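**Q** 3D, please:
(one chain, ligands or ions: 1)
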Amino acid sequence: MKTKYTIEDMDRIADEIRSRIAIKPEIGLILGSGLGQLSESIQDPTVIPYHDLPGWPLSTVEGHAGELVIGKLEGKDVLVMNGRIHFYEGYEMSQVTLPIRVMQRLGIEIVIVTNAAGGINQDFTPGNPMVITDHLNLLGMAGPNPLRGPNLEEFGTRFPDMSQAYDRKLVDLTRKVAKELDITLHEGIYVCLAGPTFETPADLRFLLNAGVDAVGMSTVPEVIVANHGGQRVLGISGITNKSFLYGEGETTHVEVMETGKILAPKMMELIKGVLRSL
Ligand code: HPA
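**A** Okay, the predicted model is just below:
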(Lines give C-alpha, C1' and ligand atoms only; values in the text may rest on other atoms or scores of the structure.)
Protein backbone atom coordinates (compact mmCIF):
# COMPACT_ATOMS: atom_id res chain seq x y z
CA MET A 1 0.00 0.00 0.00
CA LYS A 2 1.12 3.51 -0.84
CA THR A 3 2.51 5.65 2.00
CA LYS A 4 3.57 8.75 0.06
CA TYR A 5 0.99 10.65 -1.91
CA THR A 6 1.37 13.15 -4.70
CA ILE A 7 -1.22 15.77 -5.60
CA GLU A 8 -2.12 13.51 -8.54
CA ASP A 9 -2.88 10.63 -6.13
CA MET A 10 -5.12 12.93 -4.10
CA ASP A 11 -6.85 14.21 -7.22
CA ARG A 12 -7.46 10.68 -8.47
CA ILE A 13 -9.49 10.01 -5.31
CA ALA A 14 -11.19 13.42 -5.41
CA ASP A 15 -12.18 12.81 -9.05
CA GLU A 16 -13.61 9.39 -8.21
CA ILE A 17 -15.74 10.98 -5.47
CA ARG A 18 -16.84 13.85 -7.75
CA SER A 19 -17.86 11.40 -10.46
CA ARG A 20 -20.40 9.83 -8.09
CA ILE A 21 -22.07 12.91 -6.61
CA ALA A 22 -24.13 15.79 -7.91
CA ILE A 23 -23.46 18.16 -4.99
CA LYS A 24 -20.33 20.02 -3.93
CA PRO A 25 -19.74 19.20 -0.25
CA GLU A 26 -18.75 22.26 1.81
CA ILE A 27 -18.27 20.63 5.20
CA GLY A 28 -16.33 17.48 6.05
CA LEU A 29 -17.12 15.37 9.10
CA ILE A 30 -14.90 12.69 10.58
CA LEU A 31 -16.71 10.26 12.87
CA GLY A 32 -14.80 8.47 15.62
CA SER A 33 -15.30 5.16 17.43
CA GLY A 34 -18.94 4.30 18.08
CA LEU A 35 -20.29 7.44 16.40
CA GLY A 36 -21.12 5.85 13.07
CA GLN A 37 -24.87 6.27 13.55
CA LEU A 38 -24.46 10.01 12.94
CA SER A 39 -24.26 9.29 9.21
CA GLU A 40 -27.75 7.72 9.25
CA SER A 41 -29.41 11.16 9.37
CA ILE A 42 -27.98 12.21 6.04
CA GLN A 43 -30.56 12.84 3.35
CA ASP A 44 -30.17 11.51 -0.20
CA PRO A 45 -26.93 9.80 0.77
CA THR A 46 -24.35 8.61 -1.70
CA VAL A 47 -22.33 5.91 0.04
CA ILE A 48 -18.82 5.22 -1.22
CA PRO A 49 -16.98 2.30 0.43
CA TYR A 50 -13.37 3.21 1.09
CA HIS A 51 -12.21 0.22 -0.95
CA ASP A 52 -13.71 1.86 -4.06
CA LEU A 53 -11.29 4.76 -3.68
CA PRO A 54 -7.89 4.19 -5.31
CA GLY A 55 -5.15 4.19 -2.66
CA TRP A 56 -7.44 5.03 0.26
CA PRO A 57 -6.13 3.39 3.48
CA LEU A 58 -8.56 0.90 5.04
CA SER A 59 -9.32 0.64 8.79
CA THR A 60 -8.92 -2.56 10.79
CA VAL A 61 -10.63 -1.54 14.06
CA GLU A 62 -13.95 -2.89 15.26
CA GLY A 63 -16.53 -0.10 15.34
CA HIS A 64 -15.08 1.70 12.34
CA ALA A 65 -17.08 1.18 9.17
CA GLY A 66 -15.20 2.18 6.11
CA GLU A 67 -17.25 4.46 3.92
CA LEU A 68 -17.89 7.99 2.86
CA VAL A 69 -21.46 9.21 3.10
CA ILE A 70 -22.18 12.32 1.08
CA GLY A 71 -25.45 14.20 1.15
CA LYS A 72 -27.49 16.86 2.93
CA LEU A 73 -27.53 17.40 6.68
CA GLU A 74 -29.54 20.33 8.03
CA GLY A 75 -29.52 21.92 4.60
CA LYS A 76 -25.74 21.75 4.25
CA ASP A 77 -23.87 19.64 1.73
CA VAL A 78 -21.62 17.39 3.78
CA LEU A 79 -19.09 14.65 3.24
CA VAL A 80 -18.95 12.27 6.19
CA MET A 81 -16.12 9.87 6.86
CA ASN A 82 -17.71 6.97 8.65
CA GLY A 83 -14.60 5.53 10.26
CA ARG A 84 -10.99 6.60 10.13
CA ILE A 85 -7.63 4.93 10.43
CA HIS A 86 -5.21 5.44 13.29
CA PHE A 87 -1.47 5.67 13.76
CA TYR A 88 -1.57 2.70 16.18
CA GLU A 89 -2.80 0.43 13.38
CA GLY A 90 0.62 0.85 11.82
CA TYR A 91 -0.22 3.50 9.25
CA GLU A 92 2.00 6.40 8.37
CA MET A 93 0.90 9.92 9.20
CA SER A 94 0.57 10.56 5.45
CA GLN A 95 -2.06 7.81 5.30
CA VAL A 96 -3.89 8.94 8.44
CA THR A 97 -4.23 12.44 7.00
CA LEU A 98 -4.82 11.61 3.33
CA PRO A 99 -8.62 12.07 3.67
CA ILE A 100 -8.08 15.67 4.80
CA ARG A 101 -5.96 16.34 1.71
CA VAL A 102 -8.71 14.84 -0.46
CA MET A 103 -11.27 17.08 1.26
CA GLN A 104 -9.03 20.06 0.51
CA ARG A 105 -8.85 19.07 -3.16
CA LEU A 106 -12.66 18.87 -3.14
CA GLY A 107 -12.83 22.47 -1.88
CA ILE A 108 -14.14 21.65 1.61
CA GLU A 109 -13.47 24.64 3.87
CA ILE A 110 -14.74 23.45 7.26
CA VAL A 111 -13.88 20.17 8.94
CA ILE A 112 -15.71 18.83 11.99
CA VAL A 113 -13.63 16.15 13.69
CA THR A 114 -15.04 13.87 16.37
CA ASN A 115 -13.43 11.25 18.56
CA ALA A 116 -13.90 9.16 21.65
CA ALA A 117 -11.75 10.28 24.56
CA GLY A 118 -10.99 9.57 28.17
CA GLY A 119 -11.87 12.30 30.64
CA ILE A 120 -8.68 13.29 32.44
CA ASN A 121 -10.41 16.34 33.86
CA GLN A 122 -12.03 14.78 36.91
CA ASP A 123 -14.99 17.19 36.70
CA PHE A 124 -16.06 15.62 33.39
CA THR A 125 -18.90 13.10 33.27
CA PRO A 126 -18.62 10.25 30.75
CA GLY A 127 -21.47 10.43 28.27
CA ASN A 128 -21.04 14.16 27.60
CA PRO A 129 -19.39 15.85 24.64
CA MET A 130 -16.38 18.18 24.99
CA VAL A 131 -15.62 20.93 22.51
CA ILE A 132 -11.87 21.00 21.87
CA THR A 133 -10.38 24.45 22.48
CA ASP A 134 -6.77 23.40 21.83
CA HIS A 135 -4.60 20.32 21.62
CA LEU A 136 -1.34 19.08 23.00
CA ASN A 137 0.58 17.51 20.13
CA LEU A 138 2.57 15.19 22.36
CA LEU A 139 2.95 12.64 19.57
CA GLY A 140 4.23 15.20 17.10
CA MET A 141 6.39 17.14 19.56
CA ALA A 142 8.53 14.10 20.13
CA GLY A 143 8.28 12.45 16.74
CA PRO A 144 6.00 12.03 13.79
CA ASN A 145 4.34 15.24 12.64
CA PRO A 146 2.14 14.70 9.56
CA LEU A 147 3.83 17.68 7.87
CA ARG A 148 7.33 16.20 8.19
CA GLY A 149 8.94 15.89 4.77
CA PRO A 150 8.87 18.13 1.72
CA ASN A 151 6.31 20.90 2.14
CA LEU A 152 3.36 20.71 -0.24
CA GLU A 153 3.30 24.38 -1.22
CA GLU A 154 -0.01 23.96 -3.05
CA PHE A 155 -1.68 23.56 0.33
CA GLY A 156 0.19 25.83 2.71
CA THR A 157 3.34 27.21 4.23
CA ARG A 158 6.35 25.28 5.56
CA PHE A 159 5.88 26.52 9.15
CA PRO A 160 2.16 26.83 9.75
CA ASP A 161 0.76 28.81 12.66
CA MET A 162 -1.16 26.73 15.21
CA SER A 163 -2.32 29.55 17.50
CA GLN A 164 -5.92 28.92 16.56
CA ALA A 165 -5.95 25.30 15.45
CA TYR A 166 -9.60 25.08 16.56
CA ASP A 167 -11.58 27.96 15.09
CA ARG A 168 -12.74 30.24 17.91
CA LYS A 169 -15.94 31.26 16.14
CA LEU A 170 -16.89 27.60 15.71
CA VAL A 171 -16.13 26.93 19.40
CA ASP A 172 -18.32 29.90 20.40
CA LEU A 173 -21.09 28.73 18.11
CA THR A 174 -20.92 25.22 19.58
CA ARG A 175 -21.20 26.61 23.13
CA LYS A 176 -24.24 28.64 22.07
CA VAL A 177 -25.92 25.70 20.33
CA ALA A 178 -25.29 23.38 23.31
CA LYS A 179 -26.93 25.94 25.60
CA GLU A 180 -29.96 26.30 23.34
CA LEU A 181 -30.37 22.53 23.09
CA ASP A 182 -29.73 22.00 26.80
CA ILE A 183 -26.80 19.66 26.10
CA THR A 184 -24.14 19.55 28.81
CA LEU A 185 -20.94 20.52 27.02
CA HIS A 186 -17.49 20.25 28.53
CA GLU A 187 -14.61 22.12 26.97
CA GLY A 188 -10.90 21.68 27.06
CA ILE A 189 -7.58 20.51 25.73
CA TYR A 190 -7.24 17.22 23.89
CA VAL A 191 -4.06 15.18 23.68
CA CYS A 192 -3.38 12.53 21.05
CA LEU A 193 -1.20 9.63 22.14
CA ALA A 194 0.10 6.95 19.80
CA GLY A 195 -1.78 4.09 21.49
CA PRO A 196 -2.93 1.35 21.26
CA THR A 197 -2.36 0.91 25.01
CA PHE A 198 -4.59 2.91 27.29
CA GLU A 199 -2.68 5.07 29.76
CA THR A 200 -1.04 4.06 33.01
CA PRO A 201 -2.05 6.05 36.10
CA ALA A 202 1.37 7.75 35.91
CA ASP A 203 0.72 8.72 32.25
CA LEU A 204 -2.61 10.20 33.27
CA ARG A 205 -1.22 12.23 36.18
CA PHE A 206 1.52 13.51 33.85
CA LEU A 207 -1.11 14.59 31.31
CA LEU A 208 -3.28 16.19 34.00
CA ASN A 209 -0.27 18.19 35.18
CA ALA A 210 0.38 19.23 31.58
CA GLY A 211 -3.08 20.82 31.49
CA VAL A 212 -4.82 18.16 29.42
CA ASP A 213 -8.56 17.55 29.81
CA ALA A 214 -9.17 14.61 27.47
CA VAL A 215 -7.02 11.86 25.96
CA GLY A 216 -7.42 9.91 22.76
CA MET A 217 -5.55 8.35 19.87
CA SER A 218 -6.63 10.43 16.88
CA THR A 219 -7.70 13.86 15.60
CA VAL A 220 -4.49 15.86 16.12
CA PRO A 221 -2.79 14.68 12.91
CA GLU A 222 -5.90 15.48 10.87
CA VAL A 223 -6.30 18.87 12.55
CA ILE A 224 -2.69 19.82 11.79
CA VAL A 225 -3.10 18.98 8.12
CA ALA A 226 -6.47 20.76 7.99
CA ASN A 227 -4.86 23.90 9.39
CA HIS A 228 -1.96 23.62 6.96
CA GLY A 229 -4.46 23.60 4.12
CA GLY A 230 -6.34 26.62 5.47
CA GLN A 231 -9.47 24.80 6.64
CA ARG A 232 -11.45 25.90 9.70
CA VAL A 233 -11.71 23.15 12.29
CA LEU A 234 -14.25 22.23 14.92
CA GLY A 235 -13.25 19.35 17.20
CA ILE A 236 -15.67 17.52 19.46
CA SER A 237 -14.66 14.69 21.78
CA GLY A 238 -17.19 12.28 23.18
CA ILE A 239 -16.06 11.60 26.75
CA THR A 240 -16.53 7.83 26.93
CA ASN A 241 -14.77 7.01 30.18
CA LYS A 242 -13.23 8.50 33.26
CA SER A 243 -9.44 8.42 33.45
CA PHE A 244 -8.43 6.68 36.68
CA LEU A 245 -5.51 8.72 37.97
CA TYR A 246 -4.65 6.24 40.70
CA GLY A 247 -5.51 2.94 39.01
CA GLU A 248 -8.79 2.68 40.91
CA GLY A 249 -10.57 1.29 37.83
CA GLU A 250 -9.91 -0.11 34.37
CA THR A 251 -10.48 1.31 30.89
CA THR A 252 -11.77 -1.07 28.21
CA HIS A 253 -12.69 -0.76 24.54
CA VAL A 254 -16.09 -2.27 25.41
CA GLU A 255 -16.81 0.61 27.80
CA VAL A 256 -15.68 3.12 25.18
CA MET A 257 -18.08 1.60 22.63
CA GLU A 258 -20.98 1.32 25.10
CA THR A 259 -20.74 4.95 26.21
CA GLY A 260 -20.30 5.87 22.55
CA LYS A 261 -23.87 4.64 22.00
CA ILE A 262 -25.18 7.08 24.64
CA LEU A 263 -23.05 9.86 23.22
CA ALA A 264 -23.92 9.40 19.57
CA PRO A 265 -27.41 11.00 19.70
CA LYS A 266 -26.13 13.95 21.77
CA MET A 267 -23.21 14.51 19.41
CA MET A 268 -25.60 14.28 16.48
CA GLU A 269 -27.94 16.90 17.96
CA LEU A 270 -25.02 19.18 18.72
CA ILE A 271 -23.49 18.83 15.27
CA LYS A 272 -26.85 19.26 13.56
CA GLY A 273 -27.42 22.42 15.62
CA VAL A 274 -24.03 23.76 14.59
CA LEU A 275 -24.72 22.99 10.93
CA ARG A 276 -28.08 24.79 11.11
CA SER A 277 -26.41 27.88 12.58
CA LEU A 278 -23.55 28.03 10.09
N1 HPA B 1 -7.50 6.84 26.45
C2 HPA B 1 -7.13 6.90 25.15
N3 HPA B 1 -7.99 6.86 24.15
C4 HPA B 1 -9.29 6.75 24.45
C5 HPA B 1 -9.74 6.69 25.77
C6 HPA B 1 -8.80 6.72 26.83
O7 HPA B 1 -9.13 6.66 28.02
N8 HPA B 1 -11.09 6.59 25.72
C9 HPA B 1 -11.45 6.62 24.41
N10 HPA B 1 -10.35 6.71 23.63
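**Q** CA atoms for contacts and neighbours, from now on please.
**A** Noted.
**Q** quick one: contacts for the closest residue in space to K24 that isn't next to it in sequence?
**A** Counting by CA to CA, 6 or more residues apart in numbering, K24 lies nearest to D77, which is 6.7 Å off, once chain neighbours are set aside. Shown in contact with D77 (CA atoms under 8 Å, 6 or more residues apart in numbering): I23, K24, P25, E26, I27, I70, G71.
**Q** So which of those residues is the closest to F198?
**A** Comparing the contacts of D77 against F198 with CA to CA picks out I27 as the nearest, at 31.5 Å.
**Q** that older thread, narrow the contacts of D77 to those in strands?
**A** The strands, defined by DSSP state E, take in I27, I70, G71 from the contacts of D77.
**Q** Among the residues you listed, which one is most surrounded by other residues?
**A** Comparing these on neighbour count, I70 comes out first with 28 neighbours (neighbours: other CA atoms under 10 Å).
**Q** Not counting sequence-adjacent ones, nearest residue to it?
**A** L79 (4.4 Å).
**Q** and the one you found, what is it in contact with?
**A** L79 neighbours (CA under 8 Å, 6+ apart): P25, E26, I27, G28, L29, L68, V69, I70, G71.
**Q** how deep is the residue in the stretch 151-278 of the chain positioned nearest to the ligand tucked in, by neighbour count?
**A** Nearest residue of the stretch 151-278 of the chain to the ligand (CA to the nearest ligand atom) works out as G216 at 3.4 Å. Number of residues near G216 (other CA under 10 Å) recorded here: 22.
**Q** now do R168
**A** For R168, using other CA under 10 Å, the count is 15.
**Q** which ones are touching the closest residue to it other than its chain neighbours?
**A** Closest residue to R168 apart from its sequence neighbours, by CA to CA, 6+ apart: T133 at 7.7 Å. By CA under 8 Å, 6+ apart, the residues touching T133 are Y166, R168, V171, E187, G188, I189, G235.
**Q** Next step: the residues you listed restricted to helices.
**A** R168, V171 (DSSP state H).
**Q** Identify the farthest-apart pair in the contacts of T133.
**A** Top of the distance list for the contacts of T133 (CA to CA): R168 and I189, 13.5 Å.
**Q** Mind putting the contacts of D77 into CSV with distance to A116 and pLDDT?
**A** Shown next, in CSV, are the contacts of D77 (distance: CA to CA, whole Å; pLDDT from 0 to 100):
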residue, distance to A116, pLDDT
I23, 30, 92
K24, 29, 94
P25, 25, 96
E26, 24, 96
I27, 21, 97
I70, 22, 96
G71, 24, 96
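**Q** residue ranges for the helices of the stretch 101-250 of the chain, please.
**A** Using DSSP state H, counting those that start in this stretch, the helices of the stretch 101-250 of the chain run over 138-142, 168-180, 201-209, 220-228.
**Q** Outside of the longest one itself, list whatever touches it.
**A** Think helix 168-180. Counting by CA under 8 Å, 6+ apart, V131, I132, T133, T184, L185, V233, L234, L270, G273, V274, S277 sit against helix 168-180.
**Q** Which members of the contacts of L79 are the farthest-apart pair?
**A** So, the contacts of L79 by CA to CA: farthest apart are E26 and L68, at 14.3 Å.
**Q** Count the neighbours of M162 for me.
**A** For M162, using other CA under 10 Å, the count is 13.
**Q** Run a quick check on it versus A226, I expect a contact.
**A** No. Contact criterion CA atoms under 8 Å: M162 and A226 do not qualify, at 10.8 Å.
**Q** interface residues of the stretch 1-150 of the chain facing the ligand?
**A** Proximity of the stretch 1-150 of the chain to the ligand (CA under 6 Å from any ligand atom) is limited to residues A116, A117, G118.
**Q** Count residues in the vicinity of the last one, would you?
**A** Other residues within reach of G118 by the criterion other CA under 10 Å amount to 27.
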